[in-house]
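S.K.: Take this sequence and fold it.
(2 chains)
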There are 2 protein chains.
Amino acid sequence: MSQIISEELIEDVKRFIEDNNRSSLMKLIDEMRAADVADLIEHLDQDERMFIFNLLDPEGAGEVLVEIEPPVQEGIISGLDDEAISEIVEELESDDAADLVGDLPEERAKGIIERVAEDVLEDLEKLLPHPADTAGGIMALEFVAVNAEATVQEAIETIREKREEVENVYSLFVVDNLGRLVGVVSLKDLVVEPPERKVSEIMNPEVISVSVDRDQEEVYHLVKKYNLVSIPVVDEHNRLVGRITHDDIIDVIEKETDEDISLMAGVVREEVAEESTVKISRARLPWLLVGLGGELIAAFVISRFESSLEKIIALSFFFPVIMAMGGSTGTQAATVVVRGLATGDITLVNIGKRLWREMRVAIFNGLILGVFLSLIVGFWLSDQRLGIVVGLSLIIIVLNAGFIGSAVPLALKRMNVDPAIAAGPFVTTSNDVLGLLIYLGLVSLFLHMGA
Amino acid sequence: MSQIISEELIEDVKRFIEDNNRSSLMKLIDEMRAADVADLIEHLDQDERMFIFNLLDPEGAGEVLVEIEPPVQEGIISGLDDEAISEIVEELESDDAADLVGDLPEERAKGIIERVAEDVLEDLEKLLPHPADTAGGIMALEFVAVNAEATVQEAIETIREKREEVENVYSLFVVDNLGRLVGVVSLKDLVVEPPERKVSEIMNPEVISVSVDRDQEEVYHLVKKYNLVSIPVVDEHNRLVGRITHDDIIDVIEKETDEDISLMAGVVREEVAEESTVKISRARLPWLLVGLGGELIAAFVISRFESSLEKIIALSFFFPVIMAMGGSTGTQAATVVVRGLATGDITLVNIGKRLWREMRVAIFNGLILGVFLSLIVGFWLSDQRLGIVVGLSLIIIVLNAGFIGSAVPLALKRMNVDPAIAAGPFVTTSNDVLGLLIYLGLVSLFLHMGA
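M.R.: The predicted structure is shown next:
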């Protein structure tokens, strides 16, 4: 049922644009949903993007624009004048409007703010002060609230009045005379209750809300835990100020996951739709340079053991094994903890239990890997004692990596730093250095004793 | 507003259980939401878990059980007899009931299926045949549908009849006389329209639905793209057979992300709440053994270049640099592609453009890293020409890793294999082997030519 952007469709569109065939293009676009037009636009070049975009009326343009990936969105906005942008902003939902204006360079944002209508300006002033990753930063001002003293009939009347303004209504928030949130009624209950009943009689007073300054990750955890379709946002006096809906939560989940995965892989939330080589490099190169620096320390560590290497050059054969086993063990432990913290499945309650669990696994895996490696090295180099020393060092390395991998993210979380960096290049590199140090240190000690 | 599970609460509960103080415990639990009781239970030991669980009536037990993490859930279920489980299953929503029964060992599942009431049995027979990761596997049978010829008044009557059965109603699905999906009406529209209007007049005929056999990832992409709160599921004749809601989608996103992250880190979707050392090891050890095997091949590769290493032992100093740079570059490229494929932001349209983008970045980063390394090696070993050769090999390694990192996941996706394995230990290990081969090969060639 959904439009799929095919190579053929893209070819057709490119031809229409080349032929300046506006009517055919208009007809095509009119039949598409906004999200599909957005998809299509992402597959075109900048000139073609602007060509299509300029065919849309402000409302349609707004619907399409919010569905376009950030780097492409930026490109389009930079091709529009302030007048065109203000017209679009006026058609957007309050949260989308605030996101758009908030992401603009200061000068441009000012130009837009001066141009928009009074009511839109008011909304922007309410939303823009909130940091983007808090409940206030993702909430919208479009919601339906009624006084607890109202009847079902009056509540339905309120929905009718707000029909155009609030696109999706799932529940009715109930407030007292001071605007404080006191309950919630699902639309399902509203629709089946007699018109004369009071809202206070049918509402659920155990409403779950979130404070405007809470982190978006906490909002996600609440929505997930209690299976909410929308969550009311309140200020410090419990006054209802906004609403966050299910679709915002999906965005939050994707953003938070992107952030974590990026930190793990060393990409700094580079947008998937980014096209500039320099911008992508700028996101990735710092991590590579951190890695290069770290591994040069590893090179230095190795160089300090040159005399051992001269004695047994085969010691260098096992550098990859040593590095990979420490690295993988650390990454496994860190990934499970980081992911668990992100989804809210791991909390800071019972940290000791979690660490002990990881240490048990590290001991178990370390023993198996260590025995395995010691046999291989022993036979390969025809030196069983050296094999045992190499295997022993692997066990210590796995234990160490398992501990660092699980303890560091928990410690970072407690210090309010994103725990995902514990699975990233920084910790991995440190593990390499430490692993080589343990390996070469132990083996050299053994060689000296043997000598 | 949400109950937070604190160390104090856990201590209180443990004491109540020890003192066999059922009344205090009941009082405490009665005031908690099901999801919070589930959280609490996860923080206890098996005996304590069963103690609390046995205090709950079948309905409450069901609500709590579906919120508990799988490994803990398994433990509780194994502590209950078939009679108790069937009572719980009868109280669950159809999708939760099917999930629970579907996850049981065959023998137990049979015992439950024989015991449940006729209507529950019918539901199970409808849902169990669908693979767990398809639309049919995640849909529920609870939804509200009306005939297009019905009036608004009649539609509201239908909702009233289904009030108990369907917990959350966001929209009304509209069907024709053959049960085929023909439209959708939001509850908001229903509530404000005059009672005598026909549903067909107010419905949106452009309803987005999903076929029962589609992969759950596609369902997630549709819901995200079109900001849906629920999506109707249809069979091959477009007959309405089920409904998937926003909260199911959050579960899908988390599961799919877990799967990808697990493949990347080598953990095989190990559950975060798993407590058995052996089970966790069984999930992680195979990846470590794959890594060990791969890196032993790397060790073999190095051993073939022993004569070069004997000439310049310092060549081994740079193994970590070579491995880390190739590994990181590959992981960066693979992660962006894998993640983009998972969120639906990257499609198989325009693969050439995507690869070229990655190659540009690899060339750019490779040049910077290569020049950097060649200077360092040149000065360190006081051999500028060797430095240049080492730097050159790094450039080739980065290019190669960038290509593999981006091309492999795209190729896997096209072959319908999970692309996430491209960022996992298997590809990383191959990269190590290849990187060392390029590095030692080029340097040895240079040494031979110099000799």
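S.K.: per-residue confidence for the closest residue to A:Pro58 other than its chain neighbours?
M.R.: Counting by C-beta to C-beta, 6 or more residues apart in numbering or on different chains, A:Glu87 is the residue found nearest to A:Pro58 once chain neighbours are left out, at 4.1 Å. (Each C-beta comes from the backbone N, C-alpha and C, glycine too.) We have a pLDDT of 95 for A:Glu87.
S.K.: any idea how far chain B is from A:Glu87?
M.R.: The spacing between A:Glu87 and chain B, counted by C-beta to the nearest C-beta, to the nearest Å, is 23 Å.
S.K.: for A:Ile85, same thing?
M.R.: 23 Å.
S.K.: residues touching that residue, list them.
M.R.: Residues in contact with A:Ile85 (C-beta atoms under 8 Å, 6 or more residues apart in numbering or on different chains) are A:Ile77, A:Leu100, A:Arg108, A:Ile112.
S.K.: Select from those the one having the most neighbours.
M.R.: A:Ile112 (23 neighbours; other C-beta atoms under 10 Å in any protein chain shown).
S.K.: Surely that one forms part of a helix?
M.R.: Yes. Checked against DSSP: H, G, I helix; E, B strand; the rest coil, A:Ile112 lies within a helix.
S.K.: For the residue nearest to A:Pro58, grab the count of nearby residues.
M.R.: By the measure other C-beta under 10 Å, the count of residues near A:Glu87 is 18.
S.K.: Can you name the next helix or strand after the helix or strand hosting it?
M.R.: Counting by DSSP states H and E, the element that carries A:Glu87 is helix A:82-91. Elements were assigned by DSSP H and E; along the chain past helix A:82-91, the next helix or strand is helix A:94-103.
S.K.: List the buried residues of that next one.
M.R.: Residues of helix A:94-103 classed as buried by neighbour count (16 or more other C-beta atoms under 10 Å in any protein chain shown): A:Ser94, A:Asp95, A:Asp96, A:Ala97, A:Ala98, A:Asp99, A:Leu100, A:Val101, A:Gly102.
S.K.: is the helix or strand where A:Asp12 lies anywhere near chain B?
M.R.: Per DSSP H and E: A:Asp12 is located in helix A:7-18. Yes. With C-beta under 8 Å from any C-beta of the partner chain as the measure, helix A:7-18 is seen reaching chain B through A:Glu7, A:Ile10.
S.K.: Pick the one among the contacts of A:Ile85 closest to chain B.
M.R.: Top of the list for closeness to chain B, among those and by C-beta to the nearest C-beta, is A:Leu100 at 16.7 Å.
S.K.: Break chain A down into its structural domains.
M.R.: Chain A breaks down by automatic domain parsing into domains covering A:7-135, A:145-246, A:277-450.
S.K.: Now A:Ile5: closest residue in space that isn't a chain neighbour?
M.R.: Per C-beta to C-beta, 6+ apart, closest to A:Ile5 is A:Asp39, 4.8 Å.
S.K.: Which secondary structure elements does the helix or strand harbouring the one you found sit against?
M.R.: Using DSSP H and E, A:Asp39 sits in helix A:34-42. Counting contacts by 3 or more C-beta pairs under 8 Å, 6 or more residues apart in numbering or on different chains; DSSP states H and E, helix A:34-42 packs against helix A:7-18, helix A:46-53, helix A:58-65, helix A:70-78.
S.K.: How about residues contacting it?
M.R.: Identification of contacts with helix A:34-42 by C-beta under 8 Å, 6+ apart yields A:2-3, A:5, A:9-10, A:13, A:29, A:32, A:49, A:52-53, A:56, A:60, A:63-65, A:67-69, A:72, A:76, A:273, B:225-227.
S.K.: now that helix against helix A:7-18, angle please.
M.R.: 70 degrees (axes from the mean of the first three to the mean of the last three C-alpha atoms, to 10 degrees).
S.K.: sorry, back to before: what's the first helix or strand after the helix holding A:Asp12?
M.R.: helix A:22-30.
S.K.: tell me the average confidence for that following helix?
M.R.: Averaging pLDDT along helix A:22-30 yields 93.
S.K.: still on that earlier bit, convert the helix holding A:Asp39 to CSV, retaining C-alpha atoms only.
M.R.: In CSV, the C-alpha atoms belonging to helix A:34-42 read as follows (Å, rounded to 0.1, in the frame of the first residue of the first chain):
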residue,chain,number,x,y,z
ALA,A,34,4.4,13.4,2.1
ALA,A,35,6.8,10.8,3.5
ASP,A,36,7.1,9.3,0.0
VAL,A,37,7.8,12.7,-1.5
ALA,A,38,10.5,13.2,1.1
ASP,A,39,12.0,9.8,0.2
LEU,A,40,12.0,10.7,-3.4
ILE,A,41,13.6,14.1,-2.8
GLU,A,42,16.4,12.4,-0.8
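S.K.: So which bits of that helix are buried?
M.R.: A:Ala34, A:Ala35, A:Asp36, A:Val37, A:Ala38, A:Asp39, A:Leu40, A:Ile41, A:Glu42.
S.K.: after the helix or strand where A:Arg354 lies comes which helix or strand?
M.R.: Assessed by DSSP H and E, A:Arg354 sits inside helix A:351-380. Per DSSP H and E, the first helix or strand lying C-terminal to helix A:351-380 is helix A:384-414.
S.K.: any idea how far B:Lys224 is from the residue nearest to A:Leu141 when sequence neighbours are not counted?
M.R.: Nearest non-adjacent residue to A:Leu141, counting by C-beta to C-beta, 6+ apart: A:Ser94, 4.2 Å away. Counting by C-beta to C-beta, to the nearest Å, the gap from A:Ser94 to B:Lys224 is 21 Å.
S.K.: For stretch A:228-241, the averaged confidence score.
M.R.: 97.
S.K.: Over to stretch A:104-116?
M.R.: Here the average pLDDT along stretch A:104-116 is 93.
S.K.: Next, give phi and psi for A:Glu275.
M.R.: Taking degrees, to the nearest 10, you get phi -120, psi -20 for the backbone angles of A:Glu275.
S.K.: Contacts only, for it.
M.R.: A:Pro71, B:Arg357.
S.K.: that older thread, the helix holding A:Asp39 versus helix A:46-53: what angle between them?
M.R.: Using the same axes, to 10 degrees, the inter-axis angle of helix A:34-42 relative to helix A:46-53 is 150 degrees.
S.K.: Chain B versus the residue nearest to A:Leu447 when sequence neighbours are not counted, what's the distance?
M.R.: Take A:Leu447 and drop its neighbours on the chain: the residue closest to it by C-beta to C-beta, 6+ apart is A:Ser308, 5.6 Å away. The spacing between A:Ser308 and chain B, counted by C-beta to the nearest C-beta, is 10 Å.
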